[in-house]
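A.B. asks: the following comprises the amino acid sequence and a computationally predicted model.
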Amino acid sequence: MNSNLFITFEGPEGAGKTTVIQMIAKRLTEKNIDVLATREPGGIEIAEKIRTIILNPEHTAMDERTEALLYAAARSQHYFEKVRPALDAGKLVICDRFIDSSLAYQGFARGIGVDEVLSINEFAIGKKLPDLTILFDLAPEVGLARIYATDNREVNRLDVESLPFHQKVREGYLQLVERYPERIHVVNADQDIESVVEDVWLLLLKAMQ
């Protein structure tokens, strides 16, 4: 079994990625698999500070190119300081968001261009893509309703974007599935959490074969 993999979880706001990552990491640890669970933007001190700038709801004047560059900067620091050393040490790394978030949110939904944002990120991290990406597919109105129904959940600058923006994000993600069909696999996130975890677990087992 190959457990030295880089696996990313993607999807819209409120899709349940963070909760599922916690449950999956626990299950992997119970099976004695050395796993690192982390997130973007953030995961380390420098990237967390950039996160506070990007996601601050007061920063409504932020230009879309500034946003894309800040995400790439946070990603570069996180990848080289935390992700790559863990992979070099033989760990399985699970990351809540990675490059596909930038392609869907800034490249497609913001209209900068997917290839343009891909170029920025290739400079930031090289051409390293995940071994497996799991896309939590969910209608944006369902995800946003979950956010506002959850106590103590961070409501950030992207959460308060318009519904049409979030619909474009979903469309962008589905286009990425067509672009990277061997890497990106879709899970229906509009299920109970236990069913989502089981679907994700089966994909992980297949990837580790």
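C.D. replies: Received it, and whenever you're ready, just let me know what you need. Because the structure is a prediction, the values reported are computed rather than measured.

A.B. asks: quickly find the element holding I134.
C.D. replies: Take DSSP states H and E as the rule and I134 turns out to sit in strand 132-137.

A.B. asks: output that strand as PDB, restricted to C-alpha atoms.
C.D. replies: Only the C-alpha atoms of strand 132-137 are listed here, as PDB (Å, rounded to 0.1, in the frame of the first residue of the first chain):
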ATOM      1  CA  LEU A 132      -5.600  12.800  -6.000                       C
ATOM      2  CA  THR A 133      -8.100  15.600  -5.600                       C
ATOM      3  CA  ILE A 134     -11.500  15.000  -4.100                       C
ATOM      4  CA  LEU A 135     -14.100  17.500  -5.200                       C
ATOM      5  CA  PHE A 136     -17.000  17.900  -2.700                       C
ATOM      6  CA  ASP A 137     -19.800  18.900  -5.100                       C
END
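
A.B. asks: who touches it?
C.D. replies: 5-12, 15-17, 20, 98, 100, 170, 173-174, 176-177, 180, 183-190, 196, 200, 203-204, 207 (CB atoms under 8 Å, 6 or more residues apart in numbering). All C-beta atoms are positioned from the backbone trio N, CA, C, and that covers glycine.

A.B. asks: roughly how far out does that strand sit from the chain middle?
C.D. replies: Strand 132-137 has its C-alpha centroid displaced from the chain centroid by 8 Å (CA atoms, centre = their mean, to the nearest Å).

A.B. asks: helix, strand or coil for T38?
C.D. replies: strand (DSSP: H, G, I helix; E, B strand; the rest coil).

A.B. asks: residues near the residue nearest to it when sequence neighbours are not counted, how many?
C.D. replies: With sequence-adjacent residues excluded and distances taken as CB to CB, 6 or more residues apart in numbering, T38 is closest to C95, at 5.3 Å. C95 has 26 neighbours, counted by other CB atoms under 10 Å.

A.B. asks: how much does the host helix or strand of C95 deviate in direction from strand 132-137?
C.D. replies: C95 belongs to strand 92-96 when elements are defined using DSSP H and E. The directions of strand 92-96 and strand 132-137 differ by 30 degrees, with axes from the mean of the first three to the mean of the last three CA atoms, to 10 degrees as the criterion.

A.B. asks: please renumber so the chain begins at 344
C.D. replies: Noted, 344 is the first residue going forward, which turns the last one into strand 435-439.

A.B. asks: got the contact list for strand 435-439?
C.D. replies: Residues from elsewhere that reach strand 435-439, judged by CB under 8 Å, 6+ apart: 346-352, 360-361, 364, 367-368, 371, 376-383, 386, 426, 429-430, 473, 551.

A.B. asks: next SSE downstream of that strand?
C.D. replies: Where DSSP H and E defines the elements, the next helix or strand beyond strand 435-439 is helix 442-445.
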